[in-house]
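J.: I'd like to go over a predicted model; first the sequence, then the structure.
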Amino acid sequence: MAVVFVAASKLPTPFAEFTMHGFLDEETGKEHIALTLGEIADGEPVLARLHSECLTGDALFSQRCDCGAQLHAALQAIAAEGRGVLLYLRQEGRGIGLLNKIRAYQLQDGGADTVEANELLGFAADLRDYSICKPMLDYLGVKSLKLMTNNPRKVSAMKGFGVLISERKPLQVGENPYNALYLATKADKLGHLLGRQHQDEHHD
Ligand SMILES: Nc1nc2c(ncn2[C@@H]2O[C@H](COP(=O)(O)OP(=O)(O)OP(=O)(O)O)[C@@H](O)[C@H]2O)c(=O)[nH]1
Ligand SMILES: [Zn+2]
């Protein structure tokens, strides 16, 4: 079982006209997408975002999280550079799925934080598996990333799969009164690098 390429098309957006590549994970049946811009298979580091699905933030303007603002900012940055890749990964709710995320939000409405809510539902805090990224990047010919993320787990996961990370670019956008506690919990319990002191990190 593998993640296989199925079809590609143009995807015009307000930011740029991307190429959209569709992939099927034959093991889970999940359908993932890569948006690409420019020449990315030349071996040079590629501006990249590995974005986990958040229907509420990405499509419904939710302010409970920072996902929509991060998606917007990442596409804008790729368009400004004229070159890059965004993998849109269908691992909603850090891998627990949309309906369980709503259950988790209900628990958070009652006072739990985002990690406690997952645990109360019997899930680990973060169930995402980034191994799906590797065959997608291989298909696209991308070998090295300038990765837009605050999440060190994404950096170490990619390195573990042999993908070079030339640079981590912080992506701190979309903070608001509704997601302040959520972002603080990500920093405290999930290791996200959200302090003001974090500058771009260069890796060898
Ligand atoms: N279980 C759960 N998932 C959430 C909650 N809030 C947001 N999410 C999910 O968290 C994920 C966030 O994905 P990303 O923005 O790609 O990843 P990240 O770990 O925040 O790292 P960054 O690259 O720094 O943004 C999405 O799958 C959201 O659906 C929550 O309260 N509970
Ligand atoms: Zn979100």
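T.: Great, that's in hand. Because the structure is predicted, anything quoted here is derived from the model rather than measured. Ligands and ions are numbered 1, 2, ... in the order given.

J.: just the CA coordinates of the strand or helix carrying Leu71, formatted as CSV?
T.: Counting by DSSP states H and E, the secondary-structure element that holds Leu71 is helix 67-81. Taking Å, rounded to 0.1, in the frame of the first residue of the first chain, the C-alpha atoms of helix 67-81 are listed here in CSV:
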residue,chain,number,x,y,z
CYS,A,67,-5.0,27.3,11.0
GLY,A,68,-6.9,29.6,8.6
ALA,A,69,-4.5,32.5,9.1
GLN,A,70,-1.5,30.1,8.6
LEU,A,71,-2.9,28.6,5.4
HIS,A,72,-3.5,32.1,4.1
ALA,A,73,0.0,33.4,5.1
ALA,A,74,1.7,30.3,3.7
LEU,A,75,0.0,30.6,0.3
GLN,A,76,0.8,34.3,0.2
ALA,A,77,4.5,33.6,1.0
ILE,A,78,4.8,31.0,-1.7
ALA,A,79,3.1,33.3,-4.2
ALA,A,80,5.5,36.2,-3.2
GLU,A,81,8.5,33.9,-3.7
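
J.: starting at the chain centroid, how far to that helix?
T.: In terms of Cα atoms, centre = their mean, to the nearest Å, the centre of helix 67-81 is set 11 Å apart from its chain centre.

J.: list the pairing partners of the helix or strand following it within its sheet, with orientation.
T.: Following helix 67-81 in sequence order, the next helix or strand is strand 84-89 (DSSP H and E). Sheet pairing for strand 84-89, assigned by DSSP bridges, gives strand 31-37 (antiparallel), strand 46-52 (parallel).

J.: between strand 84-89 and helix 67-81, how big is the angle?
T.: Put simply, strand 84-89 runs at 150 degrees to helix 67-81, going by axes from the mean of the first three to the mean of the last three Cα atoms, to 10 degrees.

J.: other residues contacting strand 84-89?
T.: For strand 84-89, contacts defined as Cβ atoms under 8 Å, 6 or more residues apart in numbering pick out 18, 32-38, 40, 46-53, 71, 74-75, 77-78, 128, 130, 132-133, 136-137, 140, 142. All C-beta atoms are positioned from the backbone trio N, CA, C, and that covers glycine.

J.: let's go with 6 Å and repeat that
T.: Contact with strand 84-89 is made by 32-37, 40, 46-52, 74, 78, 133, 136, 142, as judged by Cβ atoms under 6 Å, 6 or more residues apart in numbering.

J.: then stretch 132-142?
T.: The contact list for stretch 132-142 (Cβ under 6 Å, 6+ apart) reads Val3, Phe5, Phe23, Asp25, Ala34, Ile40, Ala41, Val46, Leu50, Val85, Leu87, Phe161.

J.: cool, thanks, signing off.
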